[in-house]
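>>> fold the following and give me the result.
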Amino acid sequence: MPRQKAQPKSTTTKTKQQAKSSNDEWVGLSFRVSPEFSREFKVYAAKNDFKLVDLLKEGFKALKKQRRQSQAR
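Predicted structure coming up:
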């Protein structure tokens, strides 16, 4: 029996803006940190009931806000 070609999984194409705004799509973010920082980050997240990704997002959000305020002065 001859093999059939695989069909594409999706025929719809998202624009870059749609992909960026979609909360159901995730991509890996990969970087290295020291073992001490990793432990401190994880312990802080656990003690304060954060998921690691939520702690990262909150910290980034706070940094951006702080920088905006310091630039406005």
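>>> okay, now residue 41: neighbour count?
When neighbours are defined as other C-beta atoms under 10 Å, residue 41 has 16 of them. Using the backbone N, CA and C atoms, a C-beta is placed for each residue, glycine as well.
>>> now do the helices in the protein.
Remark: helices assigned in the chain by DSSP state H are 16-21, 35-47, 52-72.
>>> which of those has the lowest mean pLDDT?
Sorting the helices of the chain by mean pLDDT places helix 16-21 lowest, at a mean of 54.
>>> let me have the helices of the chain in CSV, adding distance to residue 29 as columns.
Formatted as CSV, those follow (distance: least, C-beta to C-beta, whole Å):
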stretch, distance to residue 29
helix 16-21, 14
helix 35-47, 14
helix 52-72, 8
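>>> among these, which is nearest residue 27?
Residue 27 sits nearest to helix 16-21 of all the helices of the chain, at 9.3 Å, using C-beta to C-beta.
>>> which one of the helices of the chain lies closest to residue 28?
If you check each of the helices of the chain against residue 28 by C-beta to C-beta, helix 52-72 wins as the nearest, at 11.3 Å.
>>> backbone dihedrals for residue 24, please?
Per-residue torsions, residue 24: phi -90, psi 0 (degrees, to the nearest 10).
>>> how about residue 29?
phi -120, psi 110.
>>> how near is it to residue 52?
According to C-beta to C-beta, to the nearest Å, residue 29 stands 11 Å off from residue 52.
>>> those two - which one has more neighbours?
More neighbours surround residue 52 than the other of residue 29 and residue 52, with 13 against 7 (other C-beta under 10 Å).
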